[in-house]
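Undergrad: One predicted model, sequence on top.
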Amino acid sequence: MKKLLSILIVALLSTQLFAQNTWKVDPYHSKLTFSVTHLGISDVAGLFKKFDVTITTGKADFSDAVFELSTDVASINTEVEMRDDDLRSANFFEVEKYPKMTFKSTSIKKISKNKYKLAGNLTLHGITKLVTMDLWFRGTAENPLNKITSAGFQLTGSLKRSDFGIGPKFLPSFIGDKVNIRVDSEFIKK
């Protein structure tokens, strides 16, 4: 009987120690933005208004986290309707043919206390490439209004639009090839 009780206790503790937690993005406190140079003299910024991100982790410091993102590419917004329509067209994103951009992390490497290198497969415009971004875990806090715990992150990095066949007829001297990415987000534990 003691042996059975010991096995049950170990099993229960193991389940609790290795339990995976799921966190969902809080769309009211999150933004997926980008910027690219125009004519080499200014930056044009925009964002994607519709996206979903899930984090799965078993550790409080998120050092084993897996991030999964899905973005509605047609939700692109640069605050200029004519430009947004062009970006949705075959000149750039071809949203009717490629409506989603997805990312799934493949590794996370701790660099310092709350800083990580996050690598994963980004699929955009029908092309999948491994990308690595900088991730800052900004901590957790309890919302005083609803008593729900949130986790905050900032993801930054860059990619080449040419790697994904975006806007191939536009030279980098007209529209830069390097696209800077910044995601500021809060997540709610589910």
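TA: Thanks, I have the structure now.
Undergrad: What ranges does this structure have for its helices?
TA: Under the criterion DSSP state H, the chain carries helices at the ranges 2-17, 81-88.
Undergrad: Lowest average confidence across the ones you listed, which one?
TA: Averaged per stretch, pLDDT over the helices of the chain is lowest on helix 2-17, reaching a mean of 47.
Undergrad: which residues sit in contact with the residue nearest the centre of the chain?
TA: Computing the C-alpha centroid of the chain and ranking residues by C-alpha atoms, centre = their mean puts Leu69 first, at 5.4 Å. Contacts here follow C-beta atoms under 8 Å, 6 or more residues apart in numbering; on that basis Leu69 touches Phe51, Asp52, Val53, Met101, Thr102, Phe103, Lys104. Any C-beta I mention is one placed from the backbone N, CA and C, and that applies to glycine too.
Undergrad: Can you tell me how far the fifth one is from Thr37?
TA: Think Thr102. Counting by C-beta to C-beta, to the nearest Å, the gap between Thr102 and Thr37 amounts to 26 Å.
Undergrad: higher neighbour count, the two?
TA: Each of Thr102 and Thr37 has its neighbours counted (other C-beta atoms under 10 Å); Thr37 has more, 18 against 14.
Undergrad: Setting aside sequence neighbours, what's the nearest residue to Leu39?
TA: When the adjacent residues along the chain are set aside, Leu39 lies closest to Phe174, with 6.5 Å between them (C-beta to C-beta, 6 or more residues apart in numbering).
Undergrad: Report how many residues lie close to that neighbour.
TA: Each residue near Phe174 was counted by other C-beta under 10 Å, and the total is 12.
Undergrad: my read: it touches Val36, true?
TA: No. Taking C-beta atoms under 8 Å as the contact criterion, Phe174 and Val36 are not neighbours in contact, 10.6 Å apart.
Undergrad: Once you drop chain neighbours, what's closest to Val179?
TA: The spatial neighbour of Val179 that comes closest, neighbours along the chain excluded (C-beta to C-beta, 6+ apart), is Val36 at 5.0 Å.
Undergrad: Just list whatever residues bridge to that neighbour.
TA: Beta-bridge pairing of Val36, defined through DSSP bridges, involves Val44, Val179.
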